[in-house]
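>>> I'll drop the sequence and a predicted model, then ask my questions.
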Amino acid sequence: MLNTSISIKTPKGTYARIAPRSSYAMRGMIIGGGVVDSDYRGEIKILVYNYSDDDIDFAEGERIDQLILECCKTPPTIQVHDLDKTKRQDRCFGSTSSQCKNDKANPLCEGCPNCDDSTSSAAPYDYYVAPHPSYIDDCEYIEYQPRRATTQQEENINYEVRREA
């Protein structure tokens, strides 16, 4: 774990994500992703794993990762008895590939030599969580509305136009 001597305050409605710089993968290094929550005020630390056989030295101030600010919605949630059914359901990593791979069947495959018609699914989960029914995602309804210039701004614009004429 590397110390950065950096502490940040993210804008309201965002969090900072620690992401690797691609050039360091070529040097045999993995930067562990991390999340800096909006209420965290401590030092940012970086998880680094060296998978090469060589030592990797860093110069002071060298940039090995980056902070990316991302919007974060935290809608109210409620516990429900079940979730809406989807075609994918609980099939996870690799399940959206268009065809099966070797002897591993993809239940969503629409037809290949390796198809599996198995309808088995995972056991029920302990908890199901969904957005509260009253929640409306404002990201879907935001429409840009230009702000009208203030009276003073309009007077300044008119003055400049008259002066240039």
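It's in.

>>> What segments of the protein are strands?
2-3, 14-20, 29-32, 34-36, 45-50, 65-71, 77-80, 128-131 (DSSP state E).

>>> Domain-wise, how is the protein divided?
Annotated domains of the chain cover 2-71, 75-165 [automatic domain parsing].

>>> any idea which of those domains scores lowest on pLDDT?
Mean pLDDT is lowest for domain 75-165 out of these, coming in at a mean of 62.

>>> Please tell me how far Thr10 sits from Lys45.
16 Å (Cβ to Cβ, to the nearest Å). In this view, the C-beta of every residue, glycine as well, is placed from N, C-alpha and C.

>>> Settle it for me: which of these two has more neighbours?
More neighbours surround Thr10 than the other of Thr10 and Lys45, with 17 against 14 (other Cβ atoms under 10 Å).

>>> ok, now which ones touch the more buried one?
16, 36, 38, 69 (Cβ atoms under 8 Å, 6 or more residues apart in numbering).

>>> so what's the last one up against?
The contact partners of Leu69, by Cβ under 8 Å, 6+ apart, come to 10-11, 14-17.

>>> Most neighbours among those residues, which one?
Counting by other Cβ under 10 Å, top hit in those: Ala16 with 21 neighbours.

>>> Identify the residues contacting the residue found closest to that residue once you drop the neighbours it is linked to in the chain.
With Cβ to Cβ, 6 or more residues apart in numbering as the criterion, Ala16 has its nearest non-adjacent residue at 3.9 Å, and that residue is Val36. Contact partners of Val36, counting by Cβ under 8 Å, 6+ apart, are 8, 10, 15-18, 44, 67.

>>> From the residues you listed, pick the one nearest Ala25.
If you rank the contacts of Val36 by distance to Ala25 using Cβ to Cβ, Ile18 comes first, at 14.8 Å.

>>> Can you get me a residue count around the closest residue to the closest one other than its chain neighbours?
Leaving aside its sequence neighbours, Ile18 sits nearest to Gly34 (Cβ to Cβ, 6+ apart; 4.0 Å). For Gly34, the neighbour count with other Cβ under 10 Å is 15.

>>> Please report the distance of Gly34 from Leu2.
In terms of Cβ to Cβ, Gly34 sits 11 Å off from Leu2.

>>> any common contacting residues for the two?
45-46.

>>> Relative to Gln79, which of the contacts of Val36 is nearest.
The closest of the contacts of Val36 to Gln79 turns out to be Tyr15 (Cβ to Cβ; 24.3 Å).

>>> For the nearest residue to the closest one once chain neighbours are set aside, report the pLDDT, please.
Residue nearest to Tyr15 in three dimensions, not counting chain neighbours: Cys72, with 4.8 Å by Cβ to Cβ, 6+ apart. At Cys72, the model reports a pLDDT of 83.

>>> Done for today, thanks.
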